[in-house]
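Novice: for reference, the sequence and a predicted model appear below.
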2 protein chains.
Amino acid sequence: MLAAQILSRLQTVLGDAKKPIPLHEPCFAGNEWDYVKDCLDSTYVSSVGAYVDRFEKALQDFTGVKRAVAVVNGTAALHIALKLAGVEAGDEVLVPALTFVATANAVVYLGGVPHLADSDDLTLGLDPVKLQAYLEEITAPREGGCYNRFTGRRIRAVVPVHTFGHPADLEALQEVCARFRLVMVEDGAEALGSFYRGRHTGNWGQSAIISFNGNKIITTGGGGAILTNDEELGRQAKHLTTTARQQHRWVYSHDQVGYNYRLPNINAALGCAQMEKLPEFLEKKRRLAGKYAAAFQSVAGVRFFTEPAFARSNYWLNVLLLNDKNCAERDRILEESNNQGIMTRPAWTLMHQLPMFKDCPRMDLSGAEGLEARLINIPSSPNL
Amino acid sequence: MLAAQILSRLQTVLGDAKKPIPLHEPCFAGNEWDYVKDCLDSTYVSSVGAYVDRFEKALQDFTGVKRAVAVVNGTAALHIALKLAGVEAGDEVLVPALTFVATANAVVYLGGVPHLADSDDLTLGLDPVKLQAYLEEITAPREGGCYNRFTGRRIRAVVPVHTFGHPADLEALQEVCARFRLVMVEDGAEALGSFYRGRHTGNWGQSAIISFNGNKIITTGGGGAILTNDEELGRQAKHLTTTARQQHRWVYSHDQVGYNYRLPNINAALGCAQMEKLPEFLEKKRRLAGKYAAAFQSVAGVRFFTEPAFARSNYWLNVLLLNDKNCAERDRILEESNNQGIMTRPAWTLMHQLPMFKDCPRMDLSGAEGLEARLINIPSSPNL
């Protein structure tokens, strides 16, 4: 019953689909051709070229951060942001169990241990109240940082994820981080265009990251960025992501182990054109979210997720939440909608349910588990 | 005097330059724009799309390896190739001191220790005779592999670099590897189009890597590939470089810590067009090398590097080698040629001269040191 009702509401909003409707597809209706062609004609398609600077400037202007560093993808951005947060081998980093796997993987790249934290229904992101109570229980203040009394390891950082683009409760999380001397790195992979208390997300952590993968609100093919208001950290991020090479006309020398993470110029050219369209994409996506909200208002047993009062969300991937008692319907809804050519998907498999993270330290994850059982992502492209 | 003579020969070969002549610039005279435009129009610019498969197929057909896996760049390719070679934290990996920093960095990404080896004048690559003598001296055969008697660490792999595109002596190195139970991974970042004993490089190691950075013989903006004749290893390379996600229509699940290293489809589109031009680029580059060889034949004190009998080189970056007694002229030659708009550069700073690798274990490196002191790269673009 519920499956049929949901499908019918989706069809009402999305219209009669001639071909399958993806969850999120890019839209290249601006200067994409012109900039990419210009980039090819210049022959500067790779690690040299002006589009990278221009793209970084556009990101800075839009988000209000002092420094944006364009890199090959969001995972690379997280890797470097966590490294610059001081995460070292053996450190624990608090990440939500409800996230894309890259958040936890990036911790492992540094030899760290993901420590899994719970999410709440209000934001779909880290639950600050629960996190604080948990940290009070498991940590002991010590010289040099915050230590896990049970594992003996240092807890270095917290990575709130702006889940499906919806801002986590950043002020509350900032207070928890200050209290426990933890560095906050915002995983805003999905949150370009999402604001928290009137200011763009990414301005609360020591740094933040964005992704420009093909399914994101804007795309560069593959791409990502590190954002920060700390200019020295921004300088280091640029240096580390460009093989830590020292400037010289012809000498090739490097002062530390660096990474080949710079965004190629041709991908940045695409990004420059996409940034010009971002305000339009955001407006269209809000309009679509509004239609979904209206369409699902009267359907019992399911709720369309809307931004909390403190947030203005980009509604990157729209979310339906089933009531607890309708969880069992989730897979049928996924099956039927996908069979009808309306792409839907559940939340990611929770981190502690993946084999490589099953033994990671974790708090009670009933919030994330409840969300995972009830959540369905529905088509969200700006052109819908 | 030598500086003036060299400059004059360079000018003879390169003609009267209206604008500065770079070391190596890409050439987009084929289907580049058509394929990139087609890719944009399809909207599949990112992690889904047919150009990646097509590019991998083109690489397989050209190199003769069973499996090519396209990734974001050569460094990422090395990281995964070494991981699949079984390099683990604490292992040593033999790499030439004379290489681009990525070769050594990739070892560090896995928690390994670069062990620096010497190069010879015949190939500019690893000296197999010296390597064998050195390994006899420092290793002890033990259960489970080859161990360094002095550090106690396992030596897991050897990474011959095809320096500036010129093939290392692969058969001789293969014998050394077999004898000491070491895995060989060919760093062919610069060697697309280079053959060893009639067969494309990359067919001798357990795996090999290529780079498609902007300065390479073909470019995808940023890009790289892992090559292997081991189909199971190829399957693992694809899986690991695509976040280790398990195939499912909508479930997001991953069976191990993976990497976000897949080449975006838009970069692969560029690569497909470039591969069509590769034979032409190779022919033009050989012709240029021939002109250089002729021009420098009669200049005393300097030698134009040519391929040894067992190799057919792509002459990616052409090399002048000064005689020992003319080393002191190198910097003047670099200075004058660059000031005249003819870009030249020395070899990379040797690995043991970089701060992060200065304490790495190493053999006598007099071969590499001699080469570094005498070597000058000169302009090598196919359009010259």
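Specialist: The structure has been received and is ready for your questions. All of these numbers come straight from a predicted model, not from anything done at the bench.

Novice: what is the least confident helix or strand in chain A?
Specialist: In chain A, no helix or strand scores lower on mean pLDDT, DSSP states H and E than strand A:139-142, which sits at a mean of 85.

Novice: strand partners of that one, parallel vs antiparallel please.
Specialist: For strand A:139-142, the pairing partners within the sheet under DSSP bridges are strand A:145-148 (antiparallel).

Novice: now do the buried residues in the next helix or strand after the partner strand.
Specialist: Downstream of strand A:145-148, the first helix or strand assigned by DSSP states H and E is strand A:154-158. Neighbour-count burial for strand A:154-158 flags A:R154, A:I155, A:R156, A:A157, A:V158 (criterion: 16 or more other CB atoms under 10 Å in any protein chain shown). Where you see a C-beta, it was placed from the backbone N, CA and C, and this is true even at glycine.

Novice: ok, those vs A:V45, which is closest?
Specialist: The closest of those to A:V45 turns out to be A:A157 (CB to CB; 35.2 Å).

Novice: might you report the residue contacts of the closest one?
Specialist: Neighbouring residues of A:A157 by CB atoms under 8 Å, 6 or more residues apart in numbering or on different chains: A:L82, A:A85, A:G86, A:V87, A:D91, A:V93, A:L94, A:L182, A:V183, A:M184, A:V185.

Novice: let's see which of those residues end up in helices.
Specialist: Those of those mapping onto helices are A:L82, per DSSP state H.

Novice: any residue of the longest helix seen in chain A up close to chain B?
Specialist: Selection of the longest helix in chain A by residue count, based on DSSP H, yields helix A:265-296. Yes. Helix A:265-296 is in contact with chain B by CB under 8 Å from any CB of the partner chain, via A:N265, A:I266, A:N267, A:L270.

Novice: just checking, what packs against whichever helix or strand comes after that helix?
Specialist: Using DSSP H and E, the helix or strand that follows helix A:265-296 in sequence is strand A:302-304. Helices and strands touching strand A:302-304, by 3 or more CB pairs under 8 Å, 6 or more residues apart in numbering or on different chains; DSSP states H and E, are helix A:265-296, strand A:318-322.

Novice: still on that earlier bit, just the buried subset of the contacts of A:A157, please.
Specialist: Buried residues within the contacts of A:A157, counting neighbours by 16+ other CB under 10 Å: A:L82, A:A85, A:V87, A:D91, A:V93, A:L94, A:L182, A:V183, A:M184, A:V185.

Novice: export those as CSV, with columns for distance to chain B and pLDDT.
Specialist: What follows is those, written out as CSV (distance: CB to the nearest CB, whole Å; pLDDT from 0 to 100):
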residue, distance to chain B, pLDDT
A:L82, 14, 98
A:A85, 18, 98
A:V87, 15, 98
A:D91, 15, 98
A:V93, 14, 98
A:L94, 18, 98
A:L182, 23, 97
A:V183, 22, 98
A:M184, 22, 98
A:V185, 17, 98
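
Novice: with adjacent residues omitted, what lies nearest to the closest residue to chain B within the stretch 51-200 of chain A?
Specialist: Across the stretch 51-200 of chain A, no residue is closer to chain B than A:T75, which sits at 3.8 Å (CB to the nearest CB). The spatially closest residue to A:T75, leaving aside those adjacent along the chain, is B:N260, at 3.8 Å (CB to CB, 6 or more residues apart in numbering or on different chains).

Novice: surely that neighbour meets A:A102?
Specialist: Yes. B:N260 lies in contact with A:A102 (CB atoms under 8 Å); the separation is 6.2 Å.

Novice: and the buried residues of strand A:154-158, which two are the farthest apart?
Specialist: Every pair of the buried residues of strand A:154-158 checked by CB to CB; the farthest is A:R154 and A:V158, at 13.0 Å.

Novice: how about A:A293, nearest residue that isn't a chain neighbour?
Specialist: A:A293's closest residue in space is A:F304 (CB to CB, 6+ apart), at 4.9 Å.

Novice: er, A:L59 actually
Specialist: In space, A:L59 is closest to A:A68, 3.8 Å off (CB to CB, 6+ apart).

Novice: quick one: that neighbour and A:N229 touch, right?
Specialist: No. A:A68 sits out of contact with A:N229 when judged by CB under 8 Å, with a separation of 10.7 Å.

Novice: for stretch A:14-27, buried residues please.
Specialist: By neighbour count with 16+ other CB under 10 Å, stretch A:14-27 contains the buried residues A:L14, A:I21, A:P22, A:L23, A:H24, A:E25, A:P26, A:C27.

Novice: end-to-end on that stretch?
Specialist: Start-to-end span of stretch A:14-27 (CA to CA, to the nearest Å) is 17 Å.

Novice: and for stretch A:326-344?
Specialist: Start and end residues of stretch A:326-344 are separated by 17 Å (CA to CA).

Novice: in chain A, which spans are helices?
Specialist: Ranges of helices within chain A are A:2-14, A:32-42, A:50-63, A:74-84, A:102-109, A:128-138, A:170-179, A:231-241, A:265-296, A:330-339, A:366-374, based on DSSP H.

Novice: which of these sits most buried?
Specialist: helix A:74-84 (a mean of 28; mean count of other CB atoms under 10 Å in any protein chain shown).

Novice: which other helices and strands does it contact?
Specialist: strand A:67-71, helix A:102-109, strand A:183-187, strand A:207-211, strand A:224-228, helix A:231-241.

Novice: separation between A:Q5 and A:N326?
Specialist: According to CB to CB, to the nearest Å, A:Q5 stands 11 Å off from A:N326.

Novice: no no, A:S366
Specialist: 18 Å.

Novice: same deal with A:Y196?
Specialist: A:Y196 is 31 Å from A:N326, where distance means CB to CB.

Novice: wait, what's in contact with the residue sitting nearest the centre point of chain A?
Specialist: Centroid-nearest residue in chain A: A:A189, 2.5 Å away (criterion: CA atoms, centre = their mean). By CB under 8 Å, 6+ apart, A:A189 lies in contact with A:G74, A:L78, A:F100, A:A102, A:V161, A:H162, A:I209, A:I210, A:S211, A:N213, A:K216, A:G224.

Novice: who wins on neighbours among these?
Specialist: Most neighbours among the contacts of A:A189, by other CB atoms under 10 Å in any protein chain shown: A:I209, with 33 neighbours.

Novice: I am finished for the moment; much appreciated.
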